[in-house]
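A.B. asks: sequence unavailable; structure follows:
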């Protein structure tokens with residue numbers, strides 16, 4: 001019975017965190033994409049695709065992770081397992097965020113360099 005409670009809590013917490021964080025990234029990240037991609041329609045579509053990919057990766061990983069759990073026998077084990085598993089999900093969210101921000105930074109840097117070379121020549 002404790003295992004069922006643990007699975008339920010894990011899925012509820014993980015799904016909530018994934019959805020809330022993903023929605024925040026979606027809303028706030030559009031500014032960066034519009035700055036990088038000047039076409040509004042393309043930047044909005046790209047943002048939606050990133051959101052769907054984000055949801056699929058995180059929710060899929062969370063669901064697959066349940067398969068490897070051993071039976072939980074008491075509440076202290078439940079707290080221990082939940083904290084580790086939710087911590088892993090949070091670290092994955094963090095890594096995905098920083099990877100995306102790094103890619104956006106590099107693309108923007110390349111875009112600025114190309115823009116500078118185009119207007120001032122290749123003598124830089």
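C.D. replies: Received, thanks. Bear in mind that the values here come from a model prediction, so they are computed numbers and not experimental data.
A.B. asks: please, where are all the helices along this structure?
C.D. replies: Taking DSSP state H as the test, the helices found in the chain are 2-36, 40-65, 75-120.
A.B. asks: turn these into JSON lines, columns for mean pLDDT and mean neighbour count.
C.D. replies: Backbone N, C-alpha and C define where each C-beta goes, glycine included. Formatted as JSON lines, the helices of the chain follow (pLDDT from 0 to 100; neighbours: other Cβ atoms under 10 Å):
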{"stretch": "helix 2-36", "mean pLDDT": "89", "mean neighbour count": "15"}
{"stretch": "helix 40-65", "mean pLDDT": "89", "mean neighbour count": "14"}
{"stretch": "helix 75-120", "mean pLDDT": "85", "mean neighbour count": "13"}
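A.B. asks: show me what stretch 104-114 is in contact with.
C.D. replies: When contacts are defined by Cβ atoms under 8 Å, 6 or more residues apart in numbering, stretch 104-114 is touched by residues 32-33, 35-36.
A.B. asks: ok, now stretch 14-26?
C.D. replies: Stretch 14-26 is contacted by residues 47-48, 50-51, 54-55, 58-59, 62, 85-86, 89-90, 93, 97, 100 when judged by Cβ under 8 Å, 6+ apart.
A.B. asks: show me how far that stretch is from its chain's centre.
C.D. replies: Mean-position distance between stretch 14-26 and its chain equals 8 Å (Cα atoms, centre = their mean, to the nearest Å).
A.B. asks: do the same with stretch 46-57
C.D. replies: Stretch 46-57 has its C-alpha centroid displaced from the chain centroid by 8 Å (Cα atoms, centre = their mean).
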